[in-house]
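Chemist: need the 3D shape of this:
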Amino acid sequence: MVGSRIKRRAAAFFVTREIIMTREKYGCACCSGGFHRLVTGNRAFQSMKAEAERGRGWSCNWGIDFNRMGRRDFIKAGVAAASLTALLPGCSRTEEKSAKQEPATTVFTGGKVLTVDADFSEAGAIAIRANRILAVGADADVRQAAGDGAKIVDLRGKTVLPGFVDPHTHVIAGSIVDAVMDYVGMARFQTTDEVLAHIASRVAETPSGEWLVFRNFDPAVQEGLDALTFAELDPISTDHPIFVMNASGHLAYANSKAFEVAGIADDVADPPGGEFVRDADGKLTGFMKNNVAFLQVASKYPAMMEADPVEGLIKLLDKWGALGLTTVSELSLGALAQSPADAQVMAAAAQSGRLNARIRAYPFYTLGAQAWDEANIHQGDGNALARIAGYKLVADGSNQGFTGLQREPYLGTEDDRGLAYMSPEELTAVALERAGKGWHLSIHGNGDAAIDNILDTCEALRDAGIDLSKIRPRIEHCSILHDEQITRMKKLGVSASFLIGHVHYWGVAMRDEVFGEEKAQLLDRCRSAEEAGVGFSLHSDFMVTDPDPLHMIEMAVTRKTWKEPDYVLAPQERISVESAIRALTSEAAWQLFSEHEIGSLEPGKLADLVILDKDPREVNPDAIKDIKVVETWMDGKQVYRA
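Modeler: So this is what the prediction gives:
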């Protein structure tokens, strides 16, 4: 029983073993900051961390607004004292420039404008001037507001929506990993054979000796072998080092050439908490458990060490323009470099003037509140382009990784209820301290017992006299939710952000391996939350799933599973297309404390919008993901065109 359970979990999302492991061993690779070890040797991060530790750069004083100072004062103060507000191109600069010259005005007409305002109003036209929305309404009224010199864009029947907002991604970690690792996950390949064929095609086009590195292979959902070994990878190439990372971030696979380059021989010792898996004869197989083991291979990959995280972030968000995303997030700021130096990546990217999406960032609790306070980083620092939006806490791990904290044991176990990453006492103490200083709280909770702990913490905040409406606590993932918990959330004013990919990609595994049919019905209860008046958003948790808003809308509307396309998990929790759109626009903006500037198409708000070739409400729900993003506009500028 124990042996089969360990095998199943190793083949699923996260490693489990019959020894006490570290917190990072079990957790969500993104939300636990598990990817940070991949870049410990990255030269750019080492340099930024060193600068921060010497008291230079971004961290010295974020509170000075150099937009209000003259050039002489700026030079006198020095770059070392520059605030984030000064470093980032902001609205005040745009408006100051606009006062000196006539701002450009553009009218979009001849299609549908879905404003996603309180009434989900539909308009015939929208005008933007500079980086703001000027008018929304009937064609004649909007043209009149825009004036004679406005540029007129004929939508030809297309549909305009607010730019999509993904309120839970990990773009700083992704700035390096996405840039140097080829994605081979479930959104791209359904089977292990397809993954291996892709690796072979890459070998054919890559000079001998160069590394080939891949990410997000997930045998828990991709049909085929439970693990890749020398037996599968060496026939593809023994001239190229090949490294494949599991979607969990805690398992990896390599060919013998990669082991050779890394200097790993058969007599290598297993590091504490990790394992180089061997066969029955004691020979290495190429399968590695935990990053303390596989980093001995990955650290020899030159591109990982040389990658520029700032340039990677800029390119990543530029690529996401094709998905209609105009605002994204970093929900574990500091976890990658294991210092507040992560903030410098965001600041530098925004300062470049080339950032094509807004970022809302959440400092990560594992660094400790003192580290962030000493860096003088506060709630609300930054501007409309890049801002510190709250503080991130983590109550438990991953349900599909058997580390989400549960009221009852996992399916097929007698006493395995997962892990509390923070004890209830610690969670409450940290939340009280942060909320007492005005921080918005974003708290990761997957299992139902973890959600109990989070709601207990929120009650403690309320009882301490803290106005919860001002800190807007939300539960990240909020996966397994009971009726009485939804009632408590409504009473406390706690919102939810659902990783809807849990339903689509892991729904069958949740039913058959993790919880059983009955408890799986409690997964991502969008409709129940909506009917109770509990606000919610949808998110990708990139790099766990791809940040494709139209696909996420389809997932929430249909709740069909990837592995069994005709199976609908908890059909009673399906929501309307309009509700799903809200969850990726206005509701997400509200959770990020940005509803005053983004999330709906209303006069005065920032000109972030996406143009679709079809109205998502009018297509077959199974085809929502196939709708084409025609254009994406951010801050009044076209950042993507198909």
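Chemist: secondary structure element for residue 531?
Modeler: Element membership for residue 531, per DSSP states H and E: helix 526-532.
Chemist: now residue 145: how far from residue 261?
Modeler: 64 Å (Cβ to Cβ, to the nearest Å). All C-beta atoms are positioned from the backbone trio N, CA, C, and that covers glycine.
Chemist: so for residue 7, what's the pLDDT?
Modeler: Residue 7 is assigned 33 on the pLDDT scale.
Chemist: I'd like the average pLDDT over stretch 211-219.
Modeler: Rounded mean pLDDT across stretch 211-219 is 94.
Chemist: equivalent analysis for stretch 570-584, please.
Modeler: 98.
Chemist: part of a strand, is residue 252?
Modeler: Yes. Per DSSP: H, G, I helix; E, B strand; the rest coil, residue 252 lies within a strand segment.
Chemist: number the chain from 15, please
Modeler: Happy to do that; since the first residue is 15 now, the last one works out to residue 266.
Chemist: burial of it, as a residue count?
Modeler: 28 (other Cβ atoms under 10 Å).
Chemist: that one bridge partners, please.
Modeler: residue 259, residue 302 (DSSP bridges).
Chemist: right, and it touches residue 311 too?
Modeler: Yes. Using Cβ atoms under 8 Å, residue 266 is in contact with residue 311, at 7.3 Å.
Chemist: what sits in contact with each of the two?
Modeler: Residues touching both residue 266 and residue 311 (Cβ atoms under 8 Å, 6 or more residues apart in numbering) are 257, 302.
Chemist: shaky segments in the chain?
Modeler: Residues of the chain that meet the criterion pLDDT under 70 lie in 15-55, 59, 62-115.
Chemist: okay, now the domains of it?
Modeler: 111-174, 200-260+265-303 (automatic domain parsing).
Chemist: could you identify the helix or strand that succeeds the helix holding residue 545?
Modeler: Following helix 540-546 in sequence order, the next helix or strand is strand 550-553 (DSSP H and E).
Chemist: and that next one, which strands flank it?
Modeler: Applying DSSP bridges, strand 550-553 is found paired with strand 509-513 (parallel).
Chemist: following the partner strand, which helix or strand comes up?
Modeler: By DSSP H and E, the next helix or strand past strand 509-513 is helix 515-523.
Chemist: restricting to C-alpha, output that next one in CSV.
Modeler: The C-alpha coordinates for helix 515-523 follow below in CSV (Å, rounded to 0.1, in the frame of the first residue of the first chain):
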residue,chain,number,x,y,z
GLY,A,515,-6.9,24.8,-14.6
HIS,A,516,-7.3,22.5,-11.6
VAL,A,517,-10.7,21.5,-13.0
HIS,A,518,-9.6,21.1,-16.6
TYR,A,519,-6.2,19.5,-16.3
TRP,A,520,-6.3,17.7,-13.0
GLY,A,521,-10.1,17.1,-12.6
VAL,A,522,-9.9,13.4,-13.4
ALA,A,523,-6.9,13.0,-11.1
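Chemist: would you point out which residue is most central in this protein?
Modeler: For the chain, the residue nearest the mean C-alpha position is residue 183 (1.1 Å; Cα atoms, centre = their mean).
Chemist: dump the residue contacts of the residue nearest to residue 176 when sequence neighbours are not counted.
Modeler: Once flanking residues are discounted, residue 176 sits nearest to residue 599: 4.5 Å by Cβ to Cβ, 6 or more residues apart in numbering. Residues in contact with residue 599, defined by Cβ under 8 Å, 6+ apart, are 130, 175, 176, 177, 178, 179, 613, 614.
Chemist: what about 7 Å?
Modeler: Applying Cβ atoms under 7 Å, 6 or more residues apart in numbering, we find residue 599 in contact with 130, 175, 176, 178, 179, 613, 614.
Chemist: so what's the backbone phi/psi at the closest residue in space to residue 610 that isn't next to it in sequence?
Modeler: Excluding the flanking residues, the one nearest residue 610 by Cβ to Cβ, 6+ apart is residue 619, at 7.7 Å. Per-residue torsions, residue 619: phi -80, psi 160 (degrees, to the nearest 10).
Chemist: I'd like to know how many residues surround residue 619.
Modeler: For residue 619, using other Cβ under 10 Å, the count is 22.
Chemist: from residue 231, how far out is it?
Modeler: Counting by Cβ to Cβ, the gap from residue 619 to residue 231 is 41 Å.
Chemist: packing partners of the helix holding residue 545?
Modeler: The contact analysis (3 or more Cβ pairs under 7 Å, 6 or more residues apart in numbering; DSSP states H and E) places helix 540-546 against helix 497-506.
Chemist: contacting residues around the residue nearest to the centre of the chain?
Modeler: Residue 183 is in contact with 342, 343, 554, 555, 556, 561, counting by Cβ under 7 Å, 6+ apart.
Chemist: isn't the third one right next to residue 180, touching?
Modeler: Yes. Counting by Cβ atoms under 7 Å, residue 554 touches residue 180, with 5.6 Å between them.
Chemist: now do the shared contacts for those two.
Modeler: residue 561.
Chemist: more neighbours, those two?
Modeler: Neighbour count, other Cβ under 10 Å: between residue 554 and residue 180, residue 180 has more, with 29 against 26.
Chemist: what sits up against stretch 481-497?
Modeler: Contacts of stretch 481-497 (Cβ under 7 Å, 6+ apart): 182, 345, 413, 418, 449, 453-462, 465, 468, 472, 475-476, 506-513, 516, 533, 536-539, 605, 607.
Chemist: hang on, the earlier thing: state the distance from the residue nearest to residue 610 to residue 147.
Modeler: For residue 619 relative to residue 147 (Cβ to Cβ), the value is 5 Å.
Chemist: go on, residue 314?
Modeler: Per Cβ to Cβ, residue 314 is found 51 Å from residue 147.
Chemist: who has more neighbours, these two?
Modeler: residue 147 (22 against 19).
Chemist: I'd like to know which elements the helix or strand harbouring that one is packed against.
Modeler: Applying DSSP H and E as the criterion places residue 147 in strand 146-151. Applying 3+ Cβ pairs under 7 Å, 6+ apart, one finds that strand 146-151 contacts strand 136-143, helix 153-160.
Chemist: the first one: which residues count as buried?
Modeler: By that I understand strand 136-143. Neighbour-count burial for strand 136-143, counted by 16 or more other Cβ atoms under 10 Å, picks out 137, 138, 139, 140, 141, 142, 143.
Chemist: which of these sits closest to residue 251?
Modeler: Closest to residue 251 out of the buried residues of strand 136-143 is residue 142 (51.4 Å), distances taken as Cβ to Cβ.
Chemist: enumerate every residue touching that closest one.
Modeler: Contacts of residue 142 (Cβ under 7 Å, 6+ apart): 120, 148, 621, 650.
Chemist: now do stretch 407-420: distance to the chain's middle.
Modeler: Put simply, stretch 407-420 sits 17 Å off its chain's centre (Cα atoms, centre = their mean, to the nearest Å).
Chemist: do stretch 146-166 as well
Modeler: 36 Å.
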